[in-house]
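[1] Got a predicted model here, sequence first, then my questions.
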Amino acid sequence: MEIDSHIFAFSALASLLTVISLVVVFMVSDPNYSVTGFADSKSEFSLPTAELQRIIPSTPDHIKAIYDGSTVHLHTNRSRNSTGAVIRKLKRLSREEELARARASIRMTVLARNVSAETARFEKESDLPAAQVYRNRRTFFRSYTEMERRFRVYVYMEGDIPIVHRGPCKDIYAIEGRFISEMEHGFRRFRTSDPRRAHVFFMPFSATWMVRSLYTPLSYNHSPLRQFVSDYVRVISTKYPFWNRTQGADHFMLACHDWGPSASRGSSLLYNNSIRVLCNANSSEGFKPQKDVSLPEIALYGGNISPKLLHPPPPNASRPHLSFFAGGLHGPIRPLLLQQWKGRDPDMQVYEYLPKDRDYYTYMLNSKYCLCPSGYEVASPRIVEAIYAECVPVILSEHYVLPFSDVLQWEAFSIQVETSEIPRLKEILMAVPEEKYRRLQEGLRAVRKHFMLNQHAKRFDVLHMILHSIWLRRINRRLP
């Protein structure tokens with residue numbers, strides 16, 4: 001009898017601990033908390049509040065979870081033998097339960113005053129850069145590891161090559177093709193063949209190949225692009241239940257071509273609800289940072305990063321030029337820059353087109369600051385090239401939402417100058433103290449790994465950072 005009473009007491013204690021642990025998870029999954037800002041309460045990059053309805057039993061009865069394939073229902077059960085079943089069944093979580101647990105884990109990291117030994121070890125092994133380039137380094141790391149642990153992407157098989165399942169890999173829009181290729185043939189950790197397990201659904205069409213295959217040159221008619229997108233959404237929404245379940249809110253498209261945003265208007269639900277991953281991240285033209293992702297533009301004209309940019313000079317190397325720019329008269333900002341500075345000051349190496357006997361990347365490597373004005377659209381590949389060259393980017397743009405700005409502090413490795421201040425550009429750059437310039441260079445060396453485009457994706461590289469940005473948008477959306 002005494003042994004039986006001990007067993008009963010142990011069972012009751014285990015049951016009580018199970019209930020308490022569940023309540024703790026529910027409490028830290030506060031419906032009013034958002035995990036994606038990665039900054040203090042003053043951050044301007046905080047994203048929508050995470051919401052998830054919860055049912056918490058009002059009695060201390062044992063909890064029994066019944067899994068029906070799409071959600072977890074909680075019921076009370078007085079059976080002493082249900083504790084083990086609870087633990088086993090709770091391992092099979094719905095998509096929203098998984099995201100709620102991820103939010104809880106991230107929030108616990110935010111609230112924790114001390115770093116656990118496990119977290120410290122993981123951070124050391126990850127070789128993350130210095131803290132100053134992040135809004136919150138520890139929170140980013142926890143979010144990233146939760147993504148690695150949980151995030152699953154389903155890639156639709158519908159559509160024919162070349163417009164679907166392929167993209168450009170050797171031009172100014174190379175990031176578009178490289179991401180599609182990685183989703184189709186790599187990212188085994190994240191891709192799932194079972195759409196019921198997916199947190200997001202990828203529509204792998206290429207806006208660049210759409211333009212090349214469907215657009216009539218000089219017609220300025222985007223209707224064929226929009227019609228293609230409309231047809232694609234109609235096919236997947238008719239064939240599968242997933243689009244209609246959320247009105248497209250857990251689906252995403254990716255486009256680096258300037259006309260990607262225009263093509264997305266082919267479906268109003270895609271435009272308004274879905275995650276749009278775009279190089280042309282112009283907040284004045286419908287780009288919404290709360291749900292859309294800014295895609296870094298990376299030019300790979302030969303299919304690879306220039307060897308010169310792979311090995312920039314050491315920090316103490318001489319950089320004789322104050323600043324450098326060479327590029328055509330595209331858009332409203334570049335004419336202002338060239339009119340003011342082209343050929344007018346040896347410190348300001350500003351060209352419309354570089355003479356054939358001079359090398360573009362050599363100029364970058366020999367300059368302290370690289371001027372990055374927008375062209376017809378807000379994004380510029382010069383920003384990433386400047387990061388590779390460890391030449392501090394001077395961003396001359398309006399309404400541009402910078403890539404990964406919900407994680408990275410761009411002011412730690414770049415300078416942003418209002419276009420109205422272009423006449424004072426030299427004065428502004430000369431006024432930067434040498435100590436601050438050295439810190440900016442250190443920031444560039446720190447964030448470089450997050451913008452590297454590897455032949456096969458590596459942890460924390462640009463392809464993983466893009467995926468993490470998508471994860472952030474998804475984790476903060478309460479969906480059916």
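    The structure has been received and is ready for your questions. Keep in mind that this is a model prediction, so the values were computed, not measured. Residues are numbered from 1 along each chain as shown.

[2] Which strand or helix spans R245?
    helix 242-246 (DSSP states H and E).

[3] List the buried residues of that helix.
    242-243, 246 (16 or more other Cβ atoms under 10 Å). No exception for glycine: its C-beta is placed from N, CA and C like everyone else's.

[4] quick one: which of those is nearest to N272?
    Using Cβ to Cβ, T246 is the member of these that sits closest to N272, with 12.5 Å.

[5] Measure how buried P289 is and give me the count.
    Residues contacting P289 under the criterion other Cβ atoms under 10 Å number 18.

[6] Likewise for the one 4 residues further on?
    When neighbours are counted by other Cβ under 10 Å, V293 registers 26.

[7] Thought S274 was touching it, still the case?
    No. In this structure V293 lies outside contact range of S274 using Cβ atoms under 8 Å: 10.9 Å.

[8] what sits in contact with each of these two?
    F252 (Cβ atoms under 8 Å, 6 or more residues apart in numbering).

[9] first to last residue in stretch 393-406, what's the distance?
    19 Å (Cα to Cα, to the nearest Å).

[10] Can you list the buried residues in that stretch?
    Quick answer for stretch 393-406 (16+ other Cβ under 10 Å): 393-397, 400-406.

[11] go on, stretch 171-187?
    Those would be 172-184, 187, for stretch 171-187 by 16+ other Cβ under 10 Å.

[12] Then stretch 298-318?
    298-300, 305-306, 309, 312.

[13] one step back: okay, the buried residues of stretch 393-406 in JSON lines with pLDDT, distance to L329 and secondary structure next?
    JSON lines is the format used below for the buried residues of stretch 393-406 (pLDDT from 0 to 100; distance: Cβ to Cβ, whole Å; DSSP: H, G, I helix; E, B strand; the rest coil):
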{"residue": "P393", "pLDDT": "98", "distance to L329": "21", "secondary structure": "strand"}
{"residue": "V394", "pLDDT": "98", "distance to L329": "18", "secondary structure": "strand"}
{"residue": "I395", "pLDDT": "98", "distance to L329": "19", "secondary structure": "strand"}
{"residue": "L396", "pLDDT": "98", "distance to L329": "14", "secondary structure": "strand"}
{"residue": "S397", "pLDDT": "97", "distance to L329": "16", "secondary structure": "coil"}
{"residue": "Y400", "pLDDT": "98", "distance to L329": "19", "secondary structure": "strand"}
{"residue": "V401", "pLDDT": "98", "distance to L329": "25", "secondary structure": "coil"}
{"residue": "L402", "pLDDT": "98", "distance to L329": "24", "secondary structure": "coil"}
{"residue": "P403", "pLDDT": "98", "distance to L329": "25", "secondary structure": "coil"}
{"residue": "F404", "pLDDT": "98", "distance to L329": "30", "secondary structure": "coil"}
{"residue": "S405", "pLDDT": "97", "distance to L329": "28", "secondary structure": "coil"}
{"residue": "D406", "pLDDT": "95", "distance to L329": "33", "secondary structure": "coil"}
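
[14] From those, pick the one nearest A100.
    D406 (20.0 Å).

[15] In this model R135 seems to touch the closest one, though I could be wrong.
    Yes. D406 lies in contact with R135 (Cβ under 8 Å); the separation is 7.3 Å.

[16] coming back round to it: can you lay out the buried residues of stretch 393-406 as CSV showing distance to F413?
    Formatted as CSV, the buried residues of stretch 393-406 follow (distance: Cβ to Cβ, whole Å):
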residue, distance to F413
P393, 8
V394, 12
I395, 11
L396, 16
S397, 16
Y400, 16
V401, 17
L402, 11
P403, 12
F404, 12
S405, 12
D406, 16
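
[17] for those, which one is nearest D160?
    Nearest member of the buried residues of stretch 393-406 to D160, counting by Cβ to Cβ, is P403, at 30.5 Å.

[18] you'd agree the closest one is up against S294?
    Yes. Counting by Cβ under 8 Å, P403 does reach S294; the two are 4.5 Å apart.

[19] shared neighbours, these two?
    281, 469.

[20] Turn the buried residues of stretch 171-187 into a markdown table, including secondary structure and pLDDT.
    Listed next are the buried residues of stretch 171-187 as a markdown table, based on DSSP: H, G, I helix; E, B strand; the rest coil; pLDDT from 0 to 100:
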| residue | secondary structure | pLDDT |
| --- | --- | --- |
| I172 | coil | 94 |
| Y173 | coil | 96 |
| A174 | helix | 96 |
| I175 | helix | 97 |
| E176 | helix | 97 |
| G177 | helix | 97 |
| R178 | helix | 97 |
| F179 | helix | 97 |
| I180 | helix | 97 |
| S181 | helix | 96 |
| E182 | helix | 96 |
| M183 | helix | 96 |
| E184 | helix | 95 |
| F187 | coil | 91 |
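
[21] Grab the two from these that are most spread out in space.
    Most distant of the buried residues of stretch 171-187, by Cβ to Cβ, are I172 and F187, 23.5 Å apart.

[22] Which strands or helices does the helix or strand hosting R474 pack on?
    For R474, the host element (DSSP H and E) is helix 462-475. Applying 3 or more Cβ pairs under 8 Å, 6 or more residues apart in numbering; DSSP states H and E, we find helix 462-475 packed against helix 95-111, helix 137-150, helix 174-185, strand 275-278, strand 293-294, helix 434-451.
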